[in-house]
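Peer 1: predicted model, plus sequence, below.
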Amino acid sequence: HPLCWVGFPALAALLGAFSYYHVCLRWQQSGAATLLGFAFGLLLLVTGEGDVVTLGIMTAAGILSDVVLKLTHRPAYAYPVLAIGVISWLLPLWTRTQWYHDGAAEELGIDYADGLMLLANWWGLLLLIVVTALMGYLGVRLINKN
């Protein structure tokens, strides 16, 4: 369903919290989120699912996440910042809406593409950002239990 596609970053935020938390436990110095953000952005670039802008956004989200962790010492506050960066993968839905619609219609059909357009506005992006951050926070809180 199109809403599941758009909601993928929120699910990824919840499930990715476990890996993020364990990386932070093992890598005590700063930079874990930067490395994770860069690695994901590079993976998207290499597979053709992202571009240099996606790589830059993911890396910036990682850097900002590391800064939040350094300032707060709380992974539950830092990880949602990294998780929001995953939305960069879907940014063309909001920045190149007609192109995204046309590609989805060609690949999956017009009904699917029209379904994607339900969230292709500023409030859809805002909703996705909030839900993704909340799921990231919840994920870290579940694993940390603090």
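Peer 2: That came in fine, so what should we check first? Numbers count the residues shown, from 1 in each chain.
Peer 1: give me the low-pLDDT residue ranges for this structure?
Peer 2: Within the chain, the stretches with pLDDT under 70 are 146.
Peer 1: list the residues that contact the residue nearest the centre of it.
Peer 2: Most central in the chain under CA atoms, centre = their mean is residue 86, positioned 1.8 Å from the mean C-alpha point. Contacts for residue 86 (CB atoms under 8 Å, 6 or more residues apart in numbering) come out as 9, 12, 13, 16, 40, 58, 132. Quick note: C-beta positions are derived from backbone N, CA and C, even for glycine.
Peer 1: against residue 103, how distant is the residue of the chain positioned farthest from its centre?
Peer 2: Distance to the chain centre peaks in the chain at residue 110, reaching 25.9 Å (criterion: CA atoms, centre = their mean). Residue 110 is 12 Å from residue 103, where distance means CB to CB, to the nearest Å.
Peer 1: cool, residue 69 as well?
Peer 2: Residue 69 is 36 Å from residue 103, where distance means CB to CB.
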